[in-house]
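Visitor: got a predicted model here, sequence first, then my questions.
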Amino acid sequence: MPQPMGGARSRPRRLASSPTTARCGLLLIALLSVFPSTGALAQCAGDCDESGGVAVNELVSGVRIALERAPLNNCASFDINGNGRVAVNELIAAVGNALNGCGFAGRYTAVVPLDDGATGEIELRAASNRQISGTLRLLEPASALPAAAQLAQANADNLSGQFDPVTGDFLVTGSVPGPTGAIEVRLSGRLGAGFTLEIGGRTYIGAFTAPATPTPTRTATPQGTVHVVIVGQPELPFEPEVLEINPGETVTWMWVAGSHSVRAAELNAIDQPSCTPSGLFDSGVRSSGTFSYTFTTPGRYGFHCGVANHCGENFEFGYVDVRGTPTATVTRTFTPSPTIAVPTPTPTAETIGGVSTRMLGFFNGVASVGTQMYPSRLQVLVDDFGVLVSDLSAIPNIFPNPLRMTVLSPTSLSYEAAGPPPVSFSLSLDAQSHLVGRFSVNDPIMPRLPTDFDLTREQ
């Protein structure tokens, strides 16, 4: 699948985590699939207890390892590249697993009937990089297998292969020792479901017993959690830009680079953060450390960077949604300077900034690249500078990200860049209220397939 290119800042996905100290928080940003020091692939970066998910205490363990306050063997799954250390990018991948689930990454076990009442034990470890390692072990003595005596030493520790992160379909191969040489082992099926085991021409059918539900899940954030927003990453000024929390919970912004501030922002006509401060909180400009604010009242609260031009030109803003019904309606007013003429927009009930309100908001569905299909999520909004489209998918398909779109009609948007390479992107609302479009790159040096979107509005 083509990877995003270009130097524009991308719009981040939703994040939340719980730091214990400022420096721990700086590193508490990740987990992907891992190669343990033994050489076997780990199931899911940060999943220390092999539960199929990543908890806050496991993230804290990864931070302690990265800071050399704990040994790597406390949770080797953080060490994605197998170099014996845990780096910030590996922690970043782990936080993604904590928030979005490990997908099909995980540990899978099964006991499968073999010949003459004997059984074999299978263990597979599916990593977030789509790789699988595994073992096949004989549970019965050799005397129980007269029809398959070649399996007398059938302990295969060399099973390896790959899986499809969307469907969970997998294939692993390896071998077991036999009286006249190695005997081929082939295992295929769907992770978390049924499989077929082939050993030296014999076929056996079985099903995995764990994990019970390997598909990605998002669990509710427990009450009292501290949510973390990373500040100053090269491509992501605020990571994440959007948070959903409960009343009484705290958001902590952690600086990793650059000079930025976090300042409460007024919301514009479509309830999105603006570059106008509200006065609720202000961290001041800094390049390290943390700043926290506890939100007690339900509602939406905007924030932006107060450094000159960072909000308006670099789109450094976001918002916090505090779940629940607001106890009071806040009236927001904007008083223009007496020396500056500020035009007053007059949007109709059906359109804002020339765009149908039905095109604004969050949309999710699929992105198709050739025959491959991937989960996709886009946000369409109108700010003070026009229409902005952000790709919030796990693997962004568009670049630069976000894109400043041209309005062709209330239900049609476009983007063109001369390049090199030339880039085009069109989005429209069809008769079934689907947001459909195509992103294409005409690059003769690195040809790539276009990405087609078919998304529906989130409720």
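Guide: Cool, the structure landed. Numbering: from 1, shown residues only.
Visitor: how many other residues sit next to the closest residue in space to Gly284 that isn't next to it in sequence?
Guide: Spatial nearest neighbour of Gly284, excluding adjacent residues (C-beta to C-beta, 6 or more residues apart in numbering): Ser261 at 5.8 Å. Placement of C-beta: from N, CA and C, glycine included. Ser261 is flanked by 20 other residues according to other C-beta atoms under 10 Å.
Visitor: got a list of what Ser261 touches?
Guide: 282-286, 305-307 (C-beta atoms under 8 Å, 6 or more residues apart in numbering).
Visitor: quick one: Ala110 and Ile205, what's the gap?
Guide: Distance, Ala110 to Ile205, using C-beta to C-beta, to the nearest Å: 11 Å.
Visitor: so for these two, which sits in the more crowded spot?
Guide: Taking other C-beta under 10 Å, Ala110 and Ile205 do not tie; Ala110 has more neighbours (19 against 11).
Visitor: packing partners of the helix or strand harbouring that one?
Guide: Assigned by DSSP states H and E, Ala110 falls within strand 106-113. Applying 3 or more C-beta pairs under 8 Å, 6 or more residues apart in numbering; DSSP states H and E, we find strand 106-113 packed against strand 119-126, strand 202-207.
Visitor: convert it to CSV, retaining C-alpha atoms only.
Guide: The C-alpha trace of strand 106-113 is given here as CSV (Å, rounded to 0.1, in the frame of the first residue of the first chain):
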residue,chain,number,x,y,z
GLY,A,106,-2.0,-11.7,20.0
ARG,A,107,-1.3,-15.2,21.3
TYR,A,108,-3.4,-18.1,19.9
THR,A,109,-3.4,-21.6,21.2
ALA,A,110,-5.2,-24.8,20.2
VAL,A,111,-5.2,-28.6,20.9
VAL,A,112,-5.8,-30.6,17.8
PRO,A,113,-6.6,-34.4,17.5
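Visitor: now do the buried residues in it.
Guide: The neighbour-count check on strand 106-113 (16 or more other C-beta atoms under 10 Å) flags 106-108, 110, 112 as buried.
Visitor: surely Tyr293 is in contact with Phe281?
Guide: Yes - contact criterion C-beta atoms under 8 Å: Tyr293 and Phe281 qualify, at 4.8 Å.
Visitor: now do the SS call for the residue most central in space within the chain.
Guide: With distances taken as C-alpha atoms, centre = their mean, Ala394 lies nearest the centre of the chain, 4.3 Å away. Assigned with DSSP: H, G, I helix; E, B strand; the rest coil, Ala394 falls in the coil class.
Visitor: how close does it get to Thr180?
Guide: Taking C-beta to C-beta, one finds Ala394 at 47 Å from Thr180.
Visitor: how much space is there between Trp253 and Gln272?
Guide: In this view, Trp253 and Gln272 are 19 Å apart by C-beta to C-beta.
Visitor: and these two? Which one has more around it.
Guide: Using other C-beta under 10 Å as the criterion, Trp253 and Gln272 rank with Trp253 on top: 23 against 20.
Visitor: what residues are bridge-paired with the more buried one?
Guide: Note on Trp253: beta-bridge partners by DSSP bridges are Val229, Phe291.
Visitor: where does it land on pLDDT?
Guide: Per-residue pLDDT puts Trp253 at 88.
Visitor: next: Gly101.
Guide: In this model, Gly101 carries a pLDDT of 67.
Visitor: can you classify Glu90 as helix, strand or coil?
Guide: Glu90 - assigned by three-state DSSP - is helix.
Visitor: doesn't Asn83 make contact with it?
Guide: No - applying C-beta under 8 Å as the test, Glu90 and Asn83 come out as separate, 9.7 Å apart.
Visitor: the more surrounded of these two?
Guide: Shown here are Glu90 and Asn83; by other C-beta under 10 Å, Glu90 has more neighbours (26 against 11).
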